[in-house]
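Asker: got a sequence here, can you build the structure:
(2 chains)
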2 protein chains.
Amino acid sequence: MAKLSGFPELLPADRAVEVAVVDALRRVFELHGFANVETRAVEPVETLLRKGEIDKEVYVVRRIHDDASGDSGSRSDALALHFDLTVPFARYVVENAGKLAFPFRRYQVQKVWRGERPQQGRFREFTQADIDIVGDGTLPFHADVEVARVMAEALAAVSAVLGAGPDDPSWFTLQVSNRKVLEGFYRGLGVAEPTAVMQVVDKLDKLPGERILELLAETGLDETSARACLALAEISTDDTSFVERVRELGVEHPLLDEGLDELATVVAACADVEGVRVTADLRIARGLDYYTGTVFETRMTGQEQLGSVCSGGRYDELASDGRRTYPGVGISLGLSRLLVPLVANGLTSSRPVPSAVLVAVTDEESRPASDALAQRLRRRGIPTEVSSAAQKFGKQIRTAERRGIPYVLFPGEPPRVAPSVKDIRTGDQVDVDPDTWTPPAADLTPTVVGLGPHSKETTP
Amino acid sequence: MAKLSGFPELLPADRAVEVAVVDALRRVFELHGFANVETRAVEPVETLLRKGEIDKEVYVVRRIHDDASGDSGSRSDALALHFDLTVPFARYVVENAGKLAFPFRRYQVQKVWRGERPQQGRFREFTQADIDIVGDGTLPFHADVEVARVMAEALAAVSAVLGAGPDDPSWFTLQVSNRKVLEGFYRGLGVAEPTAVMQVVDKLDKLPGERILELLAETGLDETSARACLALAEISTDDTSFVERVRELGVEHPLLDEGLDELATVVAACADVEGVRVTADLRIARGLDYYTGTVFETRMTGQEQLGSVCSGGRYDELASDGRRTYPGVGISLGLSRLLVPLVANGLTSSRPVPSAVLVAVTDEESRPASDALAQRLRRRGIPTEVSSAAQKFGKQIRTAERRGIPYVLFPGEPPRVAPSVKDIRTGDQVDVDPDTWTPPAADLTPTVVGLGPHSKETTP
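Answerer: Next up is the predicted model:
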């Protein structure tokens, strides 16, 4: 019965925060026309292992019967749990290509599994929220702009759920870069192996500049070029002024021009999204091979140790069936990675139950009357529960307190004694008409509470 | 890349139906104060195998690294995918008992996995939606009433999503029975082994009455008693009149009285739920050992071959940690089991995208203007996408048609030419103010279409 390390589970009040965040994401994604998709949890092991980097982290899945028979998974149809939502989505696109309308916009919120060693911010089971736009053969660049814009709005919506108001500093910084800028710049410098340089620059978060220079020298760069590469990586601006700063480094290449244009377009398009910071950040390279243009990472204010909580980019071959190629651009938000540490730091919701009202029960004989009262509130969308025991009213009020339910409705004895509602926080009690009384909107659903500087506790 | 048998995946328009159903369930559950919980996908193999009946159906999960090393799962910490949501919930309750407020009401909508041979209505991966109320030490009987009432409302809400109006026959019949009625009746007849009789009666769906009588004779019953047991099992009423019909069989036992009282209370409490049929159905015995009182099954009209799509009951020991016992009452709705066959029969939604509006793009230079128009609609909650290519307007209209998007917004050339909206189904086009125009509510979100007698297609 012990908890399993790496498999986080949330208490109901904390889970309510996760649900609120998923709702907020969904609202933004659907407003932009992204369709929801769910894929099965398993893929053939072969499909998963084709992505070399994951290797030993895959969880193999086998019927216990086959397992006991000593059949040890060499079969080509062995299955494993997916470790991300991109590989299954690519397979889904190829499998259903004839039935999808391209460009195809989808969002997907599901668990993924990785057999990693559990550590801070790393789990064996966690939830990701992905958006992608995928084309059939071609995909215009404006899809990159769209994905950036949608995820910027989504991050702002998550910020709002976590309690940040319009005047608060934003929780998230969406950092955008473009592989064409980096590769064009390196090529303009005469670098023969841009990928090697990119992989070094990608470590700038973890290593000091001097060490980066040494590593760049090891790839064969002369000192001037290495310093230029480092200077490029250190450019980070809140607007399109990065273009000028890159130009000042004096390097020229057609690919660089193309990349600067693209990156400036993305950053400009996100400029008016409130509640999130969007920066051009040329240290972001995303070491992975398959990105070909725009790349994204995301830092969370005060949670920098988590690394990037929301990453992605453009890849010219998201999927292929041999005949057709499907280019894509997407971003993946690490929901558990972001929320679980915040929950450990006190993030939760104002109550562990949806109920805004507890209807008191005078005695077991009159329980049906209390049930009927509850139904009259529910019919108007007010989450309501009925007291489980016909205890003394003082005890029933304490039950509401323990559950964080803000209001207790006493049935009274109509027509002599009218029903009344007590706000258990203030102690105020007033007679009400159960067909019209409604709690204030702020009390209707649980609110997110418990975070430090950004917290907006709406319950006193 | 082939589809995996037993692992159904839905196309976007079909998935939209599933999402709408889950939303409807969630709304009902939360209105009644049920809190959402998600548990991890894996449990220790030992925990799962303790439930003997499942046996070979469990999927063992192992890191590929451990797998390759020949370590074949004899370790006591071997993991497997959960095959239902009850076992994980029981573990969650015991693990978090100190932090939960009892009686604890929870709902849980998650995938479960069973290594069964795939066949009609049986999957290896499928989604269940469970509600349970669990007590600490004791749980009053009115929890049975509550769970029945909530699931009846939930089934009615699902019916409404599937397109049944208030005057249509209901999709679902929630059949309620009570083990105390059966056991009390058998004991009143002098039967020594009520459980053996119950297991025979439970087969009445699959076997003719004559065969049931033979099987009852094999358990040692005389013919009069066997006929009485069969007569009891054949009682099915839409109201509490079953009590009288049982009484007419002339059997008496205190446990029978208690069971009849309970069952009548449950059926009476559900009588006013519209959109669902609730019956007392004494053939329902639920062969499983752990049920101790109320039991539920659910038939779907026209889909009887699926068997019960929503089952559960009362169990006096949902969980136990050795010192404390947690009684519970719950019902589990087989979401995939119910939806996947309907989808195969044509159930889908009116469009595969959330978008109600496609904003046309005059030329690539004016794309930002179209983007800005789209934002003005989204700000008012209207799901909107922007045309991916600045083709001739006729082509863009056909794109909308292909996606099932009902409206195309043309940006015009303000101030000379006002923006206009075309309803692509009627061809009507009118000038609009993008800050006030709103599609009719019926077009705002996709609607469920494609089912036979219950279908209510709202798009012409």
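Asker: spell out which helix or strand contains the closest residue to chain B within the stretch 101-250 of chain A, please.
Answerer: The nearest approach of the stretch 101-250 of chain A to chain B comes at A:Gly115, 3.6 Å away (C-beta to the nearest C-beta). The way it works is simple: take the backbone N, C-alpha and C, and place the C-beta from them, glycine included. Per DSSP states H and E: A:Gly115 is located in neither a helix nor a strand.
Asker: what's the neighbour count on it?
Answerer: Residues lying near A:Gly115 (other C-beta atoms under 10 Å in any protein chain shown) number 24.
Asker: ditto for A:Ala154
Answerer: Residues near A:Ala154, counting by other C-beta under 10 Å, number 29.
Asker: what sits against the residue nearest to it when sequence neighbours are not counted?
Answerer: The shortest distance from A:Ala154 to any non-neighbouring residue, by C-beta to C-beta, 6 or more residues apart in numbering or on different chains, is to A:Val28 (4.5 Å). Residues near A:Val28 by C-beta atoms under 8 Å, 6 or more residues apart in numbering or on different chains: A:150, A:153-154, A:157.
Asker: of the residues you listed - the most surrounded one?
Answerer: Neighbour-wise, the contacts of A:Val28 (other C-beta under 10 Å) top out at A:Ala154, 29 neighbours.
Asker: from the chain's centroid, how far away is the helix or strand where A:Phe89 lies?
Answerer: Using DSSP H and E, A:Phe89 sits within helix A:86-96. How far helix A:86-96 lies from its chain's middle: 21 Å, per C-alpha atoms, centre = their mean, to the nearest Å.
Asker: got it, and stretch A:22-33?
Answerer: Centre-to-centre, stretch A:22-33 and its host chain are 12 Å apart (C-alpha atoms, centre = their mean).
Asker: same question, stretch A:40-53
Answerer: 23 Å.
Asker: going along the chain, name the helices of the stretch 351-460 of chain A.
Answerer: For the stretch 351-460 of chain A, the helices defined by DSSP state H, counting those that start in this stretch cover A:367-378, A:393-403, A:441-444.
Asker: please identify the deepest-packed of these.
Answerer: Comparing the helices of the stretch 351-460 of chain A by mean neighbour count (mean count of other C-beta atoms under 10 Å in any protein chain shown), helix A:367-378 ranks first with a mean of 20.
Asker: name all residues that make contact with the closest residue to A:Val273 other than its chain neighbours.
Answerer: Distance criterion C-beta to C-beta, 6+ apart; nearest residue to A:Val273, sequence neighbours excluded, is A:Ala152 at 4.4 Å. A:Ala152 is in contact with A:174, A:270, A:273, A:276, A:278, counting by C-beta under 8 Å, 6+ apart.
Asker: please redo it, this time with the cut-off set to 10 Å
Answerer: Residues near A:Ala152 by C-beta atoms under 10 Å, 6 or more residues apart in numbering or on different chains: A:28, A:172, A:174, A:176, A:266, A:269-278, A:296, A:298, A:331.
Asker: which among those end up buried?
Answerer: The neighbour-count test (16 or more other C-beta atoms under 10 Å in any protein chain shown) marks A:28, A:172, A:174, A:176, A:266, A:269-270, A:273, A:275-278, A:296, A:298, A:331 as buried among the contacts of A:Ala152.
Asker: domain ranges for chain A?
Answerer: Domain ranges of chain A: A:12-41+A:92-348, A:43-81, A:355-444, per automatic domain parsing.
Asker: and B:Pro12, which of these is closest to it?
Answerer: Nearest to B:Pro12, of all these, is domain A:12-41+A:92-348, at 4.0 Å by C-beta to C-beta.
Asker: so how far is that closest one off the chain centroid?
Answerer: Remark: domain A:12-41+A:92-348 is offset 12 Å from the chain centroid, using C-alpha atoms, centre = their mean.
Asker: can you list the residues of the stretch 101-250 of chain A near chain B?
Answerer: A:101-108, A:110-111, A:113-116, A:123-125, A:127, A:133, A:135, A:138-140, A:142-143, A:145-146, A:149, A:153 (C-beta under 10 Å from any C-beta of the partner chain).
Asker: in PyMOL, how would I select just the buried ones from those residues?
Answerer: Listed next is the PyMOL selection for buried residues among these, using 16+ other C-beta under 10 Å:
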select buried, chain A and resi 101+102+103+104+105+106+107+108+110+111+113+114+115+123+124+125+127+133+135+139+140+142+143+145+146+149+153
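Asker: among the residues of the stretch 101-250 of chain A next to chain B, which are located in helices?
Answerer: In this view, these that belong to helices under DSSP state H are A:142-143, A:145-146, A:149, A:153.
Asker: save these as JSON lines, and put in pLDDT too.
Answerer: Shown next, in JSON lines, are those (pLDDT from 0 to 100):
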{"residue": "A:His142", "pLDDT": "97"}
{"residue": "A:Ala143", "pLDDT": "98"}
{"residue": "A:Val145", "pLDDT": "98"}
{"residue": "A:Glu146", "pLDDT": "98"}
{"residue": "A:Arg149", "pLDDT": "98"}
{"residue": "A:Glu153", "pLDDT": "98"}
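Asker: how close does the residue lying closest to A:Pro118 once chain neighbours are set aside get to A:Leu335?
Answerer: Spatially, and ignoring its direct neighbours in sequence, A:Pro118 is nearest to A:Gly6 (3.4 Å; C-beta to C-beta, 6+ apart). Per C-beta to C-beta, to the nearest Å, A:Gly6 is found 16 Å from A:Leu335.
Asker: so those two - more neighbours on which side?
Answerer: Higher neighbour count among A:Gly6 and A:Leu335: A:Leu335, with 22 against 18, using other C-beta under 10 Å.
Asker: contacting residues for the more buried one?
Answerer: Counted by C-beta under 10 Å, 6+ apart, A:Leu335 has contacts A:18, A:21-22, A:25, A:109-111, A:126-129, A:158, A:309-310.
Asker: how about a cut-off of 7 Å?
Answerer: The neighbourhood of A:Leu335, defined by C-beta atoms under 7 Å, 6 or more residues apart in numbering or on different chains, consists of A:21, A:127-129.
Asker: looking at those residues, which are in strands?
Answerer: Among the contacts of A:Leu335, DSSP state E puts A:127-129 in strands.
Asker: in TSV: these, plus pLDDT.
Answerer: Listed next are the ones in strands among the contacts of A:Leu335 as TSV, based on pLDDT from 0 to 100:
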residue	pLDDT
A:Thr127	97
A:Gln128	98
A:Ala129	98
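Asker: thank you kindly, that will do.
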